[in-house]
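[1] Sequence first, predicted model second:
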Amino acid sequence: MIDIDALGATRRVADHEAPLDRALDGMEDACDDAALATAWARKALKIEPCCLSALLVLAEHAATPVERVALLKEAVSTHQRAVLADPTNEIASYWDVDAKPILAAIALLGDELAEMGDIDGAAGCYREVIERDDDDRLDVQRSMDVLMAGRRLPLKP
């Protein structure tokens, strides 16, 4: 079978290869090419609108901080909806058992919100990661401390 990728190039693929798998593989293979990675991510989202990895790739390559925050929020809420809807769901299970990707997304969202001046939003993100991530707790706690130290600085006249 011949497949046309997100940018129009053709390639031979096995008949059993699922379209979403092809899009995810293409996204992963194109990690050094932002345009190609985002094209594959958009293709994956057309197939599976709740594809968390595709949302994260789009967030990584977002043109503006506002767009990045919106995509990260969508990834986090997609994860939360998947877990609430069916805790045994394959996507929800993967993202809960191996929580690193979603926790990294939440920490990145905290960083972006802090940069935009949303101290409360950033602090909420950092708290969630601190509570759930034993490995990265200290790094995120440092980010939280810096955030809170900046909040307590006196306003300059």
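    In hand now; what should we look at?
[2] Relative to Val69, how far out is Ile130?
    Counting by C-beta to C-beta, to the nearest Å, the gap from Ile130 to Val69 is 20 Å. (Each C-beta comes from the backbone N, C-alpha and C, glycine too.)
[3] ugh, wrong one, Glu48
    For Glu48 relative to Val69 (C-beta to C-beta), the value is 22 Å.
[4] Check Leu45 too.
    Following C-beta to C-beta, the distance that separates Leu45 from Val69 is 18 Å.
[5] same deal with Leu56?
    For Leu56, the distance to Val69 equals 13 Å [C-beta to C-beta].
[6] next helix or strand past the lowest-mean-pLDDT helix or strand in the chain?
    Among the helical and strand segments of the chain, the one scoring lowest on mean pLDDT, DSSP states H and E is helix 90-97, with a mean of 47. Using DSSP states H and E, the helix or strand that follows helix 90-97 towards the C-terminus is helix 100-115.
[7] Which residues does that next one contact?
    Under the contact criterion C-beta atoms under 8 Å, 6 or more residues apart in numbering, helix 100-115 has outside partners 52-53, 56, 59, 65, 68-69, 72-73, 75-76, 79, 95, 119, 121-126, 128-129, 132-133, 135-136, 140, 143, 147.
[8] What is the longest helix along the chain packed up against?
    Of all the elements of type helix in the chain, the one with the most residues (DSSP state H) is helix 65-85. Packed against helix 65-85 by the contact rule (3 or more C-beta pairs under 8 Å, 6 or more residues apart in numbering; DSSP states H and E) you find helix 52-60, helix 90-97, helix 100-115.
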